[in-house]
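Trainee: below: sequence and its predicted model.
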Amino acid sequence: MRFGIGFDIHPLIDGRPLVLGGVSVPFARGLDGWSDADVLTHAIMDALLGAAAMGDIGVHFPPGEPEYKNISSLKLLAVVKQKLAAGGWHIENIDATIITEKPRLREYIDKMREKLGEVLDMHVNQVSIKASTANGVGSIGHGDGIAALAIAAIAKTTK
């Protein structure tokens, strides 16, 4: 078994939808980025790729490439899953934390777990997501951005 850690952070801006874990969250601002800027899914992808020693999402999906402009990060996550499977890996579990002052995310977390589990062919009890605040500290605490941390466990597929 191997473990990987992922982290992502994006600033909040006007004029974009807020997407976390593939779920549209009603909010006045969204995250800025080349794709849909889904920090939760990005952190999970980096955790998975790191566990398999396959680099990071910037290596596999470089920003600035037209094919990734505004793409759903769930589509990219599906590609990461395929790459892991091709390398003989299966995903055991994911544990992630979203850090934001607002919006409050409790009512969206179960849907995030379901969507991520569907893409990764995992039972929802293998996908843990929590939300926390920065207690008013730094740019996240001042409401300027959202960050996410994730850890993933993978194991070699037995055949």
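Mentor: That came through fine.

Trainee: skipping its backbone neighbours, what lies nearest the residue nearest the centre of the chain in space?
Mentor: By Cα atoms, centre = their mean, the mean C-alpha position of the chain lies nearest to residue 41, the distance being 1.5 Å. Once flanking residues are discounted, residue 41 sits nearest to residue 73: 3.8 Å by Cβ to Cβ, 6 or more residues apart in numbering. Placement of C-beta: from N, CA and C, glycine included.

Trainee: could I get the pLDDT score of that neighbour?
Mentor: Looking at residue 73, its pLDDT stands at 97.

Trainee: sorry, back to before: for residue 49, see how far away the residue nearest to the centre of the chain is.
Mentor: Remark: distance between residue 41 and residue 49 (Cβ to Cβ, to the nearest Å) = 12 Å.

Trainee: ok, now residue 90?
Mentor: Applying Cβ to Cβ, the value for residue 90 to residue 49 is 15 Å.

Trainee: which other helices and strands contact the helix or strand harbouring the residue nearest to the centre of the chain?
Mentor: Per DSSP states H and E, residue 41 falls inside helix 39-51. Contact analysis of helix 39-51 by 3 or more Cβ pairs under 8 Å, 6 or more residues apart in numbering; DSSP states H and E lists strand 2-14, strand 18-20, helix 57-60, helix 73-86, strand 89-99, helix 106-120, strand 145-156 as its packing neighbours.

Trainee: okay, these in TSV with distance to residue 27 and mean neighbour count next?
Mentor: What follows is the helices and strands packed on helix 39-51, written out as TSV (distance: least, Cβ to Cβ, whole Å; neighbours: other Cβ atoms under 10 Å):
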stretch	distance to residue 27	mean neighbour count
strand 2-14	8	17
strand 18-20	4	24
helix 57-60	23	15
helix 73-86	17	18
strand 89-99	13	19
helix 106-120	10	18
strand 145-156	10	22
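
Trainee: so how far is the first residue of stretch 96-115 from its last?
Mentor: Using Cα to Cα, to the nearest Å, the span of stretch 96-115 from its first residue to its last is 14 Å.

Trainee: and for that stretch, what are the contacting residues?
Mentor: Residues outside stretch 96-115 that contact it (Cβ atoms under 8 Å, 6 or more residues apart in numbering): 18, 20-23, 25-27, 39-40, 43-44, 47, 74, 124, 127-134, 136, 140-143, 146-151.
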